[in-house]
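Asks: based on what follows, work out the 3D shape:
(one chain, ligands or ions: 1)
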Amino acid sequence: MDKETVFSVQNVTMDFQISGKTFFSKKRTLRALNDVSFDLYKGESLAVVGESGCGKSTLCRIAMRFYKPTSGQMIYHDGSVHSFKGEALRTYRQKVQMIFQDPFSSLNPLHSIYYHLKRPLQLYHKLKGKELKEKMDEALEMVGLVPPEEQGRKNPHQLSGGQKQRAFLARIMAIGADIIFADEPTSMLDVSIRLGVLNLMNKLKREMGKSFLYITHDIATARYFSDRIIVLYSGHMVEWGDVDEVVKHPVHPYTKLLISAAPDPERETLAKLEVRDDVEKEVTMWTPESRGCPFRNRCPVAESRCADDFPEAVEVKPNQFVRCIHAKEWKTENNAASEKPERNQPVS
Ligand SMILES: Nc1ncnc2c1ncn2[C@@H]1O[C@H](COP(=O)(O)OP(=O)(O)OP(=O)(O)O)[C@@H](O)[C@H]1O
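Replies: Numbers count the residues shown, from 1 in each chain. Alright, predicted model coming up:
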């Protein structure tokens, strides 16, 4: 069955003007995202992973219209997100929502949980009286805040971090969102509570067909919750595809590095891959004038040609794409290995 695209990111590039190192130095341009493109499908979770500063949150902020991209566009229902006005903008603000990292600042401490649910149900669905109360309780039950009568009357400070994220998800459901940009929604929660929130998002995805763009630096939760994954490095998509394939058989040296840094008992055999220690380990600041592969200064297999151009994407396996000069060689080797007949198998 064909997948239904509900949101598209098309060649998005985002530049920021930043101050120089001293008061008198000239402003510089930082390229936070470089030519980023992908589709988000109905009822899927697409993880965006990468280390701090790689541009994950910028992607969310553009989708929320906090920033306008320098070039490229985001598409929702055939319309460019930054061109929406009037009714189209109102619908977009209803259907596309964001859940934040910090559950402590996402709810108004002065108002009850019922209040947070009542407002969107009145505004977007024109509900009142008994029907309004039933819908609020339904939303609380859906996210596991029970009994709803008791939980709904509480103020945010009376809830734990995990319960606050559940209350915020109940609000998003009450608004009627279909697409949720989740920016590290569990990173500030205790490990024991994280799983519950991820399971709840899984339920919203599976049972209600909600789509999630799941921003994280944690490969383990990305694999647990997501269907596909994009690995970002310094604003560039370096590898993307089905999450199991990318995590089990990473091809880009940066993906290998990320995965080798995450503990996983199943993956004892993966060779540990170190960054080069003869060069700077910090992420190089990317500017509109920068050329080549952004990872080359840390890459153990870099060659001089890596400074020329950022390589084209190569589909190394069905649904797994890599941008690295070695991707074609890897693809050839991999295909040769898979074409080799097994011993004792008749060749037809
Ligand atoms: N408004 C801004 N002005 C200038 N630079 C910015 C702005 N917003 C983000 N940046 C820069 O853009 C780059 C990407 O930032 P972003 O917050 O998207 O990264 P991130 O991957 O989400 O990091 P983290 O995981 O630490 O939140 C960083 O170098 C950041 O300093």
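Asks: contacts, neighbours, all on C-alpha from now
Replies: Noted.
Asks: where exactly do the strands run in the chain?
Replies: For the chain, the strands defined by DSSP state E occupy 5-18, 28-41, 45-49, 71-76, 79-80, 96-99, 179-183, 211-216, 228-233, 236-242, 314-317, 320-322.
Asks: any idea how far the nearest residue to residue 308 once chain neighbours are set aside is from the ligand?
Replies: Closest residue in space to residue 308, ignoring its immediate chain neighbours: residue 292 at 4.7 Å, by Cα to Cα, 6 or more residues apart in numbering. Residue 292 sits 18 Å away from the ligand, going by Cα to the nearest ligand atom, to the nearest Å.
Asks: report how many residues lie close to residue 292.
Replies: The number of residues packed near residue 292 is 14, by other Cα atoms under 10 Å.
Asks: residues contacting it?
Replies: Counting by Cα atoms under 8 Å, 6 or more residues apart in numbering, residue 292 makes contact with 306, 307, 308, 309, 310, 311.
Asks: please report the distance of the last one from the ligand.
Replies: So that's residue 311. According to Cα to the nearest ligand atom, residue 311 stands 22 Å off from the ligand.
Asks: so what's residue 227 up against?
Replies: By Cα under 8 Å, 6+ apart, the contact set of residue 227 is 44, 45, 46, 47, 242, 243, 244.
Asks: not counting sequence-adjacent ones, nearest residue to residue 111?
Replies: residue 155 (5.9 Å).
Asks: neighbours around that neighbour, how many?
Replies: Residues near residue 155, counting by other Cα under 10 Å, number 19.
Asks: swap in residue 25?
Replies: 9.
Asks: how about it: what's its closest non-neighbour residue?
Replies: Once flanking residues are discounted, residue 25 sits nearest to residue 19: 7.6 Å by Cα to Cα, 6+ apart.
Asks: also residue 17?
Replies: residue 29 (4.6 Å).
Asks: isn't that neighbour right up against residue 14?
Replies: No - under the criterion of Cα atoms under 8 Å, residue 29 makes no contact with residue 14, lying 10.0 Å away.
Asks: stretch 51-65 near the ligand anywhere?
Replies: Yes - using Cα under 6 Å from any ligand atom, stretch 51-65 comes into contact with the ligand via 51, 52, 53, 54, 55, 56, 57, 58.
Asks: what residues does that stretch touch?
Replies: With Cα under 8 Å, 6+ apart, stretch 51-65 has contacts from 32-33, 48-50, 67-69, 74, 81-82, 96-98, 181, 183, 215-217, 232-236.
Asks: quick check on those residues: which are buried?
Replies: For the contacts of stretch 51-65, a burial check counting by 16 or more other Cα atoms under 10 Å picks out 32-33, 48-50, 68-69, 74, 81-82, 96-98, 181, 183, 215-217, 232-236.
Asks: can you tell me which of those are up against the ligand?
Replies: Here is what survives when those are matched to the ligand using Cα under 6 Å from any ligand atom: residue 32.
Asks: distance check, the residue in the stretch 101-250 of the chain positioned nearest to the ligand against residue 198.
Replies: Residue nearest to the ligand within the stretch 101-250 of the chain: residue 217 (6.8 Å; Cα to the nearest ligand atom). Relative to residue 198, residue 217 is positioned 15 Å away (Cα to Cα, to the nearest Å).
Asks: I'd like the domain boundaries of this protein, if you could list them.
Replies: 5-19+29-233, 250-339 (automatic domain parsing).
Asks: any chance of these in CSV with mean pLDDT as columns?
Replies: Output for the domains of the chain, formatted as CSV (pLDDT from 0 to 100):
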stretch, mean pLDDT
domain 5-19+29-233, 93
domain 250-339, 80
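Asks: just those: most buried one?
Replies: Neighbour counts (mean count of other Cα atoms under 10 Å) averaged over each of the domains of the chain peak at domain 5-19+29-233, with a mean of 19.
Asks: residues contacting the nearest residue to residue 3 once chain neighbours are set aside?
Replies: In this structure, residue 3 finds its nearest non-sequential neighbour in residue 41, 6.1 Å apart by Cα to Cα, 6+ apart. If a contact means Cα under 8 Å, 6+ apart, then residue 41 has 3, 4, 5, 6, 7, 211 as its contacts.
Asks: so which of these is the closest to residue 320?
Replies: residue 3 (16.6 Å; Cα to Cα).
Asks: can you get me a residue count around that closest one?
Replies: When counting by other Cα under 10 Å, one arrives at 10 neighbours for residue 3.
Asks: my guess is it meets residue 42, correct?
Replies: Yes - between residue 3 and residue 42 there is a contact at 7.1 Å, judged by Cα under 8 Å.
Asks: would you mind listing what in the stretch 51-200 of the chain touches the ligand?
Replies: 51, 52, 53, 54, 55, 56, 57, 58.
Asks: which one of those is nearest to residue 103?
Replies: Among those, and counting by Cα to Cα, the member closest to residue 103 is residue 57, at 16.2 Å.
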